[in-house]
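Novice: Predicted structure and sequence below. I'll ask about it afterward.
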Amino acid sequence: MADGQIGYRERLRARKVAAAAKSWTAATPAGAQTPETVTPQETVSDIAPLPPVAEEAMPVAEPTETETVVVSRTPADIRAEAELAVELMLSLPDDQYTARMTAMSEADPMLYAAVSDMIANKAAMQTDTETAGEDPA
Amino acid sequence: MSFDLDIGQLPDPPSGDGEGTIVDTFTTPVAYKFAFIGVGQAGGRLAKTFQDLGYARVCAVNTAVSDLAELTTFPASSKLDVGDQQGAGKDPAAAAILFDGQHESLIELMARSWGPDVDYVFVCFAAGGGTGAGGFTAVANAAKDYMRSLKKPARVGCIMAMPKDSEGQRPASNTVYSVKQLAGLNLSPIIFVDNERFKSLYGKKIAAQQEKPASNAGTAKLFHVFNQLAGTKSESVGGTTFDAGDFSKLLDSGVVAFAAATAKDWVTPGAVSQAIRNQLEQNVLASIKLGDGNVAGLLYVITGKAWEGDNPVTVEQLDSGVEMLNRMLCGKDSAKSTTVFSGVYPAGSATDEIQILGMIGGLPYPKGRLQELASKAGHSRDAVAEHLGIF
């Protein structure tokens, strides 16, 4: 796994946390209890656990599972699976992310290739957005 | 503290559209800027087929200088020779070693040959060749990194020529090797140029010396027409148009195949849908069944009296064709989710007819053909199944 992917995930996570806090604040009626302060160091899972359905739907084997997946899938099926997996992967804490990616690379190399590719694409696009938004000063 | 610094005269900054901009030579608009890289001799010829159609972003890489030399229309800067031997001797493993350590050279080749304005990259190669089969993985990975260096998603597909049965055991074995590599690359679209299928469709009509060029051109021309028509405003017939967004959904749908049919009768009820049912599947340029796909583009190019005669084609006729293709995609599975993007294009021509162009996506690998090749190569079915999960 490239270091860039981790770096990108950290930045993405920080933005998601900030956005989650912002939307919570916006949706909170006047007089409601103020949420605890959210810091970028916290993960999305810490403040907003993933819905159990999404966890169940995660198309990735557990880390201990190494059996090769042989099912009839078209390349388009794999890409569709990967799109679902990418969002979930990026929302995981680093240790879980690494474990899941490692398990996926052993259990389902084709899905792993597609997921890695999509994460690298997101990182490339995100770098562009960040560069464009940077203040030269 | 002060010091003298003489840095001389700085060069003028390059202008955006200045000298060196690479522009396709066709005059009609297209939806996307395609770039092609040929790997190996057959791959170079495939890339040249697209250059002949007007695509300017082309380059080639090979392990044999002599094969690169035959690409006389490619600038020298668009050709890269890797290794210091004359070819890979049909041995993909040997070729793969020669491509090791060429990542940066490949990216530089792409930057020189394509420039920064690229939407999709296509790696062209023969699955049965040594250099093509052994080198396309390294080239595809370099292409992905090149696209990402441009801050673009790595939209990298491939055009893979598959050998005929008569080419023998080694090309068949190399094809199995290629498809195993392909399965782990997440490329899209994947376009198979199936030379055995082409022979069965057109073998009796094509001169021997024209066989491979005609086979390449058959797929390339249909692909180009889709790119052209997706970049052209289609007539709004029945509320549907085909646009670049629709085309990109086809391009991103994994394995795709092309087909064409012609309807000379557009008056008799059901004539257009009948042409689609009877001709389109027979004329698919790959060993696939339409029912295996789940997304398709269906373009009607309508000429002469079929568009503006006394009895022009009706909306009902065209819609029935779209419905027919939808039913063909569904096959026996009525619950299957399918999409057909259609477009209608009147065109000037002396002939009175409707050309029906199909691009079918979401397909599986052509397992029947791969089984044949695996068997010819002496591989067990499991050897391919292990990697693709298709048998």
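Specialist: Perfect, I can see it now.
Novice: need the contact list for the closest residue in space to residue B:352 that isn't next to it in sequence.
Specialist: In space, and not counting its chain neighbours, residue B:352 is closest to residue B:304: 3.5 Å by C-beta to C-beta, 6 or more residues apart in numbering or on different chains. Placement of C-beta: from N, CA and C, glycine included. Counting by C-beta atoms under 8 Å, 6 or more residues apart in numbering or on different chains, residue B:304 touches B:349-353.
Novice: Among the residues you listed, name the buried ones.
Specialist: The neighbour-count test (16 or more other C-beta atoms under 10 Å in any protein chain shown) marks residue B:353 as buried among the contacts of residue B:304.
Novice: Would you report which members of the contacts of residue B:304 are assigned to strands?
Specialist: Of the positions in the contacts of residue B:304, residue B:353 sit in strands, assigned by DSSP state E.
Novice: out of the contacts of residue B:304, which one sits closest to residue B:197?
Specialist: Distance to residue B:197 across the contacts of residue B:304 (C-beta to C-beta) is lowest for residue B:353, with 24.6 Å.
Novice: For the closest one, give me its contacts.
Specialist: Residue B:353 is in contact with B:262-264, B:303-304, B:306, counting by C-beta under 8 Å, 6+ apart.
Novice: Same check on residue B:22?
Specialist: Applying C-beta under 8 Å, 6+ apart to residue B:22 gives the contacts B:56-57, B:113-115, B:117.
Novice: Nearest to chain A among those?
Specialist: Proximity to chain A was ranked across these by C-beta to the nearest C-beta; first place goes to residue B:117, at 15.1 Å.
Novice: Report the secondary structure element holding that closest one.
Specialist: Using DSSP states H and E, residue B:117 maps to neither a helix nor a strand.
Novice: need the contact list for the nearest residue in space to it that is not next to it in sequence.
Specialist: Distances taken as C-beta to C-beta, 6+ apart place residue B:33 nearest to residue B:117, at 5.6 Å, with adjacent residues excluded. Residue B:33 sits next to B:24, B:57, B:117-120 when contact means C-beta under 8 Å, 6+ apart.
Novice: let's go with 7 Å and repeat that
Specialist: If you count contacts by C-beta atoms under 7 Å, 6 or more residues apart in numbering or on different chains, residue B:33 has them with B:57, B:117-119.
Novice: ok so, going back, in strands only, show me the contacts of residue B:353.
Specialist: B:262-263, B:303.
Novice: can I assume residue B:358 is in contact with residue B:279?
Specialist: No: Residue B:358 lies out of contact with residue B:279 (C-beta atoms under 7 Å); the separation is 9.8 Å.
Novice: higher neighbour count, these two?
Specialist: Taking neighbours as other C-beta atoms under 10 Å in any protein chain shown, residue B:358 and residue B:279 compare with residue B:358 leading, 26 against 16.
Novice: can you pull up the bridge partners for the more buried one?
Specialist: residue B:259, residue B:298 (DSSP bridges).
Novice: rewinding a little: quick one: the ones in strands among the contacts of residue B:353 as a markdown table, columns for neighbour count, distance to chain A and pLDDT too.
Specialist: Shown next, in a markdown table, are the ones in strands among the contacts of residue B:353 (neighbours: other C-beta atoms under 10 Å in any protein chain shown; distance: C-beta to the nearest C-beta, whole Å; pLDDT from 0 to 100):
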| residue | neighbour count | distance to chain A | pLDDT |
| --- | --- | --- | --- |
| B:262 | 13 | 29 | 91 |
| B:263 | 23 | 29 | 92 |
| B:303 | 18 | 33 | 92 |
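Novice: Just name the closest of these to residue B:106, please.
Specialist: So of those, ranked by how close each gets to residue B:106 (C-beta to C-beta), first place is residue B:262, at 41.5 Å.
Novice: distance of the closest one from residue B:41?
Specialist: Distance, residue B:262 to residue B:41, by C-beta to C-beta, to the nearest Å: 34 Å.
Novice: List the contacts of residue B:96.
Specialist: By C-beta under 7 Å, 6+ apart, the neighbours of residue B:96 are B:134-135.
Novice: Which residue is it, in the stretch 251-391 of chain B, that comes closest to chain A?
Specialist: The stretch 251-391 of chain B approaches chain A most closely through residue B:254 (3.2 Å), counting by C-beta to the nearest C-beta.
Novice: Relative to residue B:158, how far out is that residue?
Specialist: Separation of residue B:254 from residue B:158 (C-beta to C-beta): 11 Å.
Novice: what's the overlap in contacts for the two?
Specialist: Taking C-beta under 7 Å, 6+ apart as the criterion, residue B:254 and residue B:158 both touch residue B:190.
Novice: What residues sit buried inside stretch A:111-130?
Specialist: Quick answer for stretch A:111-130 (16+ other C-beta under 10 Å): A:111-124, A:126-127.
Novice: which sections of chain A are below the confidence cut-off?
Specialist: A:1-71, A:127-137 (pLDDT under 70).
Novice: mind running it again at 50?
Specialist: Within chain A, the ranges that satisfy pLDDT under 50 run A:1-4, A:14, A:16-71, A:135-137.
Novice: List the contacts of whichever strand or helix holds residue B:327.
Specialist: Secondary structure from DSSP H and E places residue B:327 in helix B:315-330. Defining contact as C-beta under 7 Å, 6+ apart, one finds that helix B:315-330 is touched by B:237-238, B:266, B:270-273, B:276-277, B:281, B:290-291, B:293-294, B:296, B:298, B:300, B:336, B:338, B:340, B:342, B:344.
Novice: do stretch B:182-202 as well
Specialist: Residues contacting stretch B:182-202 (C-beta under 7 Å, 6+ apart): A:75, A:79, A:109-110, A:113-114, A:117, B:137, B:140, B:156-165, B:214-216, B:218-219, B:223, B:251-256, B:283, B:285-287, B:366, B:369, B:387-388.
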